[in-house]
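Chemist: Give me coordinates for this.
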Amino acid sequence: MSGGASRLSEPEHASDGGSRYRLRDLFTPLDTLLVSGGDPRLALDPADRVNAYGCAASPEPEIWNFASSTASTISQGAYDRAALAREELMHKCLFDEVEVAFDAICENMRDELRRHLQLSPRVDVVFSPSGTDSQLHALLLARTILGARPVTIVVGADQTGSGTIHTARGHHFSSMTSSGVAVRKDGAVAGLAGASLALPLREAAPGIAMRADADAAVLHAVEAAIAQGAPVLLQIMDSSKLGWRAPSAACLDEIARRWPREVQIVVDACQARLGRRRLRSYLDRGYMVLITGSKFFGGPAFSGALLVPKGLSRSLDRGEGIAPGIFDYTGRCDWPVAWTALRSRFERRPNFGQWLRWEAALAEIGSYYAVPAVSRAEILAELAAGMDSMIALSPSLRSVPAPTAINTADADDEEFAQATIFPFTLLRDGKPVSIAETWAVHRALARDMSEEMSGSTADREIAAQRCLVGQPVRLEREDETPQAVLRLCVGARLVTEAWSPDMVKARRNVQHVLDRIAHVLVKIELLLGRGAAATVPVKSAFEV
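Modeler: Predicted structure coming up:
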């Protein structure tokens, strides 16, 4: 599996023999299924059996997870749900064809996701292997909605997934698609290629801050594209790798007023760090929304979805043309059953890996929203205050302040009025360390480094603990040396595990999480001071 994500049987058309072949795939070991049906980012290293994000296919409860902006290890509860779901599908396939049974299960998942997110039954859900794949789905649908080839404007292009630079132009973002088809990375997806414009969110002035003119930059870019005669697919950010959001609601109102039928908006909410009221407001305004179950919610990487408001879905299913290149990225079961015309054009190709990852993610989402809303907000607030304080007290860390707009309370933010991503630079002698050393520290945190430490027994015990934090985000401008920031992240699972109806126990649980965070920061200090991180071998990794 080192050459890419596991590829099970070849796609087959709907015949009895094909159904039996796909049914056989369900008997593949669960760990193998969980990393199948995606691109090479899911591949497990043949030596340590983890992917590029340091996550194995099965639970590793001994690893501390503060990396939900990137990827999390699968929990035991989520793993158990995936195992049970597979058994249930096997049983259903005794009475129905695989595709019929699988379609029914996917429809049930759509219903469950809508219930958890408190969405109207009129909101349609298009599943995909990752948020990056869902960007291609959004581009495909935007062409039908706008009736022409749009210019894609990406807000926060410097803080979104690494594949977005490619998908925004309708290009391949990897060397292999989720269906196992080899392609040329950055080559055009047949029928989807077009123009794009990247709008970074970082301020041009020295330091790391969100630009103050984000709204003006968005309006100017949209105006310029439409003046050239092209409609616009505007991908807005909520939230970025650093937890930033743009443009403002006032800016979106202005766009709706000036260009009511020339701009289709898709929200990059792949981090899933937004309140359910805000999510519903986006859909009520006719925006498509990109979301994943593998970031804040802590499901296994990768699980993507495109949320489509009903007003759009009616026209989408009647669309005549379809980009032929999209057939390599999606199968019939990914699309809602009600979209009969569009679905009929795709192969019957159940993606068992994608489905099981979503089953696992739904276990986490359900557990999170089972925690009372007041308790979710209180736990996130306590963890945020603790993380901010500890990072500020560390002599080797410099926090990246949240933008002013994010610090302003909004009723639609709900519990996400609190920051859940805490970015910081690593310092030595008051100056940021190199990108290479930041990566080395990130890798060393995920490993037992006790043998590389020559200090006290206590130091070696701290160095032994394996922990995941958000991958470094590379920040660069023409006029300065590139630098990177690490991220400590609060995810849904921390809230779920900390909550208890017994308030004393809940406080004790929150303090336990904060103690672990303190431990992680001490390990970072030790790695920077001893240079032990440099002993960790380099392995390739890239973010979603």
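Chemist: mind listing the strands for the stretch 351-500 of the chain?
Modeler: Under the criterion DSSP state E, counting those that start in this stretch, the stretch 351-500 of the chain contains strands at 397-399, 421-428, 431-432, 467-475, 483-489.
Chemist: Minimum distance to Ala250: which of these has it?
Modeler: Ala250 sits nearest to strand 421-428 of all those, at 24.3 Å, using C-beta to C-beta. Just so you know, the C-beta spots here come from the backbone N, C-alpha and C atoms, and that holds for glycine as well.
Chemist: now what about the closest one, what contacts it?
Modeler: When contacts are defined by C-beta atoms under 8 Å, 6 or more residues apart in numbering, strand 421-428 is touched by residues 69, 208, 239, 241-243, 271, 273, 384, 387-388, 391, 395-400, 432-433, 437-438, 441, 470, 473, 483-490, 524, 528.
Chemist: Can you tell me which of those residues are buried?
Modeler: 69, 208, 239, 241-243, 271, 273, 384, 387, 391, 396-400, 432-433, 437-438, 441, 470, 473, 483-490, 524, 528 (16 or more other C-beta atoms under 10 Å).
Chemist: what would the strands of the stretch 351-500 of the chain look like in JSON lines with distance to Ile326?
Modeler: Below are the strands of the stretch 351-500 of the chain laid out as JSON lines (distance: least, C-beta to C-beta, whole Å):
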{"stretch": "strand 397-399", "distance to Ile326": "42"}
{"stretch": "strand 421-428", "distance to Ile326": "32"}
{"stretch": "strand 431-432", "distance to Ile326": "42"}
{"stretch": "strand 467-475", "distance to Ile326": "29"}
{"stretch": "strand 483-489", "distance to Ile326": "32"}
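Chemist: which SS class is the closest residue in space to Asp96 that isn't next to it in sequence?
Modeler: Once flanking residues are discounted, Asp96 sits nearest to Ala104: 7.8 Å by C-beta to C-beta, 6 or more residues apart in numbering. Secondary structure of Ala104, reduced to three states by DSSP: H, G, I helix; E, B strand; the rest coil: helix.
Chemist: Hmm, Lys92 and Ala104 touching each other?
Modeler: Yes: Ala104 lies in contact with Lys92 (C-beta atoms under 8 Å); the separation is 7.4 Å.
Chemist: Are we agreed that Val126 is in a strand?
Modeler: Yes: Val126 sits within a strand when classified using three-state DSSP.
Chemist: which residues touch the residue nearest to it when sequence neighbours are not counted?
Modeler: Leaving aside its chain neighbours, Val126 sits nearest to Leu306 (4.3 Å; criterion: C-beta to C-beta, 6+ apart). Leu306 makes contact with Val125, Val126, Ser128, Ser134, His137, Ala138, Leu141, Met288, Val289, Leu290, Ile291 under the criterion C-beta under 8 Å, 6+ apart.
Chemist: 10 Å - rerun?
Modeler: With contact set as C-beta atoms under 10 Å, 6 or more residues apart in numbering, Leu306 has these partners: 124-128, 131, 133-138, 140-141, 266, 288-291, 334-335.
Chemist: Same check on Ser179?
Modeler: 7, 10-11, 37-39, 129, 327-331, 347, 349, 351.
Chemist: Name the member of these that has the highest neighbour count.
Modeler: If you count neighbours using other C-beta atoms under 10 Å, the busiest of the contacts of Ser179 is Gly38, which has 33 neighbours.
Chemist: per-residue pLDDT, it?
Modeler: Gly38 is assigned a predicted lDDT (pLDDT) of 91.
Chemist: Could you measure from Glu262 over to Leu140?
Modeler: 19 Å (C-beta to C-beta, to the nearest Å).
Chemist: quick one: which of these two has more around it?
Modeler: Leu140 (24 against 16).
Chemist: Pretty sure the more buried one sits against Val308.
Modeler: No: between Leu140 and Val308 there is no contact under C-beta atoms under 10 Å: 11.4 Å.
Chemist: before we move on, back to that, was I right to think the residue nearest to Asp96 contacts Val337?
Modeler: Yes: using C-beta under 10 Å, Ala104 is in contact with Val337, at 8.6 Å.
Chemist: Show me what counts as buried in the top helix by length along the chain.
Modeler: Counting by DSSP state H, the longest helix found in the chain is helix 503-530. Buried residues in helix 503-530, defined by neighbour count with 16+ other C-beta under 10 Å: 506, 509-510, 513-514, 516-517, 520-528, 530.
Chemist: quick check: angle from that helix to strand 467-475?
Modeler: 60 degrees (axes from the mean of the first three to the mean of the last three C-alpha atoms, to 10 degrees).
Chemist: So for helix 503-530, mean pLDDT?
Modeler: Here the average pLDDT along helix 503-530 is 96.
Chemist: the inter-axis angle of that helix versus strand 483-489?
Modeler: Going by the same axes, to 10 degrees, helix 503-530 makes 160 degrees with strand 483-489.
Chemist: where does the protein dip in pLDDT?
Modeler: Within the chain, the stretches with pLDDT under 70 are 1-21, 314-320, 404-409, 531-544.
Chemist: contacting residues for the residue lying farthest from the centre of it?
Modeler: Largest separation from the mean C-alpha position in the chain: Ser456, at 39.1 Å (C-alpha atoms, centre = their mean). Contact partners of Ser456, counting by C-beta under 10 Å, 6+ apart, are Ile462.
Chemist: Report the separation between it and Pro309.
Modeler: Relative to Pro309, Ser456 is positioned 59 Å away (C-beta to C-beta).
Chemist: Now do Asp80 against Leu34, distance only.
Modeler: Where Leu34 is concerned, Asp80 sits at a distance of 12 Å (C-beta to C-beta).
Chemist: Could you do Ala101 as well?
Modeler: Taking C-beta to C-beta, one finds Ala101 at 20 Å from Leu34.
Chemist: Which one's more surrounded, these two?
Modeler: Comparing Ala101 with Leu34 by other C-beta under 10 Å, the one with more neighbours is Leu34, at 30 against 21.
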